[in-house]
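# Sequence and predicted structure, then a few things I'm wondering about:
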Amino acid sequence: MKKRCALRALDLIEDGMTIGLGGGSTISFLISFIRDTQRAVQIVTPSYATASLCAKAGLTVIPTHLVPQIDLAFDGCDEVDQSLNALKSGGAIHTKEKIIASLAKEYILLVDESKVFQDLRFDVPVALEVIPEARLYVANEVKKLGAEVVERNSSAKDGITMSDNGNLIIDAYFQPTPKLKDLNTQLKQIVGVVETSLFYQIATKMIVATETTTKIIERNAENEI
């Protein structure tokens with residue numbers, strides 16, 4: 001399914017484009033297809049692993065801060081709903097991912113059908129990138145919104161997980177499912193929160209792969225949750 005999804009994404013890429021690539025196995029397939037078809041493109045990515053794969057494939061990678069606009073950006077997610085709202089919590093690079101999404105004319109999620117739900121289930125947390133000095137303040141404010149708050153740790157690192165920007169990653173677990181529009185606003189208004197892994201009304205399309213088909217779903221801008 002992931003290869004089929006990547007092939008459908010390849011059909012959208014034209015020579016001369018600047019494209020954004022996130023992380024994950026579907027993106028790695030897309031990199032291989034871009035190499036094999038010799039698409040003449042420039043790559044922008046928030047992912048060190050993706051940048052390394054692109055370099056090995058002989059693709060041109062350029063820094064995000066040098067790019068005024070991106071033609072297409074492709075990324076995966078943990079969950080996505082029918083209105084193309086998504087949670088992208090696992091990689092802790094959501095701030096850089098949102099910058100690339102904002103630069104892109106089209107921000108397209110690549111998913112298999114197991115990631116798609118009528119409404120977001122919040123089986124994964126909302127990851128918050130937090131200024132270190134605001135750690136306790138942010139935690140207390142997020143708890144007031146009904147979340148269980150956990151500082152993210154890694155077995156490969158002693159202490160709390162840090163973002164590429166030198167900030168802390170805090171995971172907020174919400175149950176029952178909150179109203180997305182309100183939650184997005186409330187979290188972003190907390191002083192000390194740099195960005196969140198809730199991608200509310202950001203993706204413009206998603207390519208969904210099933211066992212037998214792929215389909216492209218476009219966001220209905222009027223359908224807010």
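Received, thanks. Residues are numbered from 1 along each chain as shown.
# Tell me, how many residues neighbour the closest residue to residue 141 other than its chain neighbours?
For residue 141, ignoring the flanking residues on the chain, the nearest one in space by Cβ to Cβ, 6 or more residues apart in numbering is residue 190 at 4.8 Å. (C-beta placed from N, C-alpha, C; glycine too.) For residue 190, the number of neighbouring residues by other Cβ atoms under 10 Å comes to 19.
# Now residue 190, what are its backbone angles?
With angles defined as degrees, to the nearest 10, residue 190 sits at phi -80, psi 120.
# OK, contacts around it?
For residue 190, the contacting residues are 137, 138, 141, 142, by Cβ atoms under 8 Å, 6 or more residues apart in numbering.
# Buried ones among these?
Neighbour counting over those (16 or more other Cβ atoms under 10 Å) leaves 138, 141, 142 as the buried ones.
# Tell me which of the residues you listed fall in helices.
Helix and strand membership here follows DSSP state H; of the buried ones among the contacts of residue 190, those in helices are 138, 141, 142.
# so the first one makes contact with residue 128?
Yes - under the criterion of Cβ atoms under 8 Å, residue 138 lies in contact with residue 128, with a separation of 6.7 Å.
# what's the overlap in contacts for the two?
Common neighbours of residue 138 and residue 128 (criterion: Cβ under 8 Å, 6+ apart): 170, 193.
# hang on, the earlier thing: got JSON lines for the buried ones among the contacts of residue 190, with pLDDT and distance to residue 82 too?
Conversion of the buried ones among the contacts of residue 190 to JSON lines gives the following (pLDDT from 0 to 100; distance: Cβ to Cβ, whole Å):
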{"residue": "138", "pLDDT": "98", "distance to residue 82": "31"}
{"residue": "141", "pLDDT": "98", "distance to residue 82": "30"}
{"residue": "142", "pLDDT": "98", "distance to residue 82": "27"}
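# Including distance to residue 217, could those go into TSV?
Conversion of these to TSV gives the following (distance: Cβ to Cβ, whole Å):
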residue	distance to residue 217
138	34
141	34
142	31
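# Which member of those is positioned nearest residue 80?
Within the buried ones among the contacts of residue 190, distances to residue 80 taken as Cβ to Cβ reach their minimum at residue 142, with 22.6 Å.
# ok, now which ones touch that closest one?
Neighbouring residues of residue 142 by Cβ under 8 Å, 6+ apart: 128, 149, 170, 172, 187, 190.
# May I have the beta-bridge partners of the third one?
Beta-bridge pairing for residue 170 (DSSP bridges): residue 128, residue 151.
# Output stretch 83-96 as PDB, nothing but the C-alphas.
In PDB, the C-alpha atoms belonging to stretch 83-96 read as follows (Å, rounded to 0.1, in the frame of the first residue of the first chain):
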ATOM      1  CA  SER A  83     -11.800  16.800   6.900                       C
ATOM      2  CA  LEU A  84      -8.000  16.300   6.600                       C
ATOM      3  CA  ASN A  85      -7.300  17.400  10.200                       C
ATOM      4  CA  ALA A  86      -4.300  15.300  11.400                       C
ATOM      5  CA  LEU A  87      -2.200  14.400  14.300                       C
ATOM      6  CA  LYS A  88       1.600  14.200  13.600                       C
ATOM      7  CA  SER A  89       3.000  13.400  17.000                       C
ATOM      8  CA  GLY A  90       5.600  10.700  16.700                       C
ATOM      9  CA  GLY A  91       8.600  12.500  15.200                       C
ATOM     10  CA  ALA A  92       8.600  15.700  17.400                       C
ATOM     11  CA  ILE A  93       9.500  17.800  14.300                       C
ATOM     12  CA  HIS A  94       6.000  19.200  13.900                       C
ATOM     13  CA  THR A  95       7.200  22.900  14.100                       C
ATOM     14  CA  LYS A  96       9.500  22.500  11.100                       C
END
